[in-house]
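**Student:** sequence? don't have it. structure:
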């Protein structure tokens, strides 16, 4: 179920699951400065009336000159959402032409199992229709499921059943959440899931319309897109927790999939997954009031095809970005 993927900085043979992020060692002053710089990329989206109590939690991305924030907050300090900006009309909607383009990419690679889900988040939860392509059945979700585990823990914080300051392992829960998302740390993932409870995690997933069992760790691309959509539009978590989790989904230890294929000026929040034959990325692309959840799950025989499947992920990402931004 867990990933054991070496990071570029790890010594040969390392599992990559125990190294702690350098970001945790930064000083509070630097963190505050970075948080201030990050205000431009975490902006409120308007949501439908049922979510008005949390509408300020919605995030609508602006961008810095290079598009992505190079260093989000590193000790868990939340980025405060700014005032909502009017949405800019999309150059193109998710239409038949884009559908055909994504399907053509999938059809040209029959040697892999490929599943894609795409959701327009620009108008809030009411418009979250999931567009599905290729394989619609569940994949082993690998580390993309860490976003769901993080949401479940933040939910416990909001209901008063847990705290970000609770000790988990040798560090706080806040530390473990960042390590789990930003560095894809498996030890942190295990601690967070144990703190939530496996049965309780299944129940939380069901409450947001997702069928999830930690021991099998499977999700459909559409379910993963809903997990991202509910986070981004502010219907799942309160504003500070929404902002903090999205900040962790930037400047991660694996930026070579969806982020590498996104043009400058588009902000990306994402979580990759790599395990056995599974290579996935699940992200949110945002710019000028428009935002889309894009999930690309791939399965091959083993990791030998990772370069080829990385290119497929780049092709799908480029097709989406070119059509929608």
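**Tutor:** On my side now, so go ahead. It should be emphasised that the depicted structure is a prediction, and the values quoted were computed from it without experimental measurement.
**Student:** make it CA atoms for all contacts and neighbour counts henceforth
**Tutor:** OK.
**Student:** residue 299 contacts residue 114, doesn't it?
**Tutor:** Yes - contact status for residue 299 versus residue 114: in contact at 6.6 Å, counting by Cα atoms under 8 Å.
**Student:** quick one, helices of this protein?
**Tutor:** 28-38, 96-107, 146-158, 173-182, 186-196, 198-207, 221-232, 239-248, 306-324 (DSSP state H).
**Student:** and those, which one averages the lowest pLDDT?
**Tutor:** The weakest mean pLDDT among the helices of the chain belongs to helix 28-38, with a mean of 35.
**Student:** still on that earlier bit, turn the helices of the chain into a markdown table, columns for distance to residue 167 and mean neighbour count.
**Tutor:** Below are those laid out as a markdown table (distance: least, Cα to Cα, whole Å; neighbours: other Cα atoms under 10 Å):
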| stretch | distance to residue 167 | mean neighbour count |
| --- | --- | --- |
| helix 28-38 | 20 | 17 |
| helix 96-107 | 45 | 16 |
| helix 146-158 | 13 | 22 |
| helix 173-182 | 6 | 26 |
| helix 186-196 | 10 | 20 |
| helix 198-207 | 19 | 17 |
| helix 221-232 | 25 | 26 |
| helix 239-248 | 18 | 25 |
| helix 306-324 | 37 | 19 |
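**Student:** higher neighbour count, residue 299 and residue 114?
**Tutor:** The residue with more neighbours, out of residue 299 and residue 114, is residue 114; 27 against 23, by other Cα atoms under 10 Å.
**Student:** contact partners for the closest residue to the more buried one other than its chain neighbours?
**Tutor:** The shortest distance from residue 114 to any non-neighbouring residue, by Cα to Cα, 6 or more residues apart in numbering, is to residue 298 (4.6 Å). Contacts here follow Cα atoms under 8 Å, 6 or more residues apart in numbering; on that basis residue 298 touches 112, 113, 114, 115, 278, 279, 280, 309.
**Student:** can these go into CSV with extra columns for distance to residue 96?
**Tutor:** Below are the contacts of residue 298 laid out as CSV (distance: Cα to Cα, whole Å):
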residue, distance to residue 96
112, 24
113, 22
114, 19
115, 18
278, 28
279, 27
280, 25
309, 24
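**Student:** now which of the residues you listed would you call buried?
**Tutor:** In the contacts of residue 298, burial by neighbour count holds for 112, 113, 114, 115, 278, 279, 280, 309, counting by 16 or more other Cα atoms under 10 Å.
**Student:** all good on my end, thank you.
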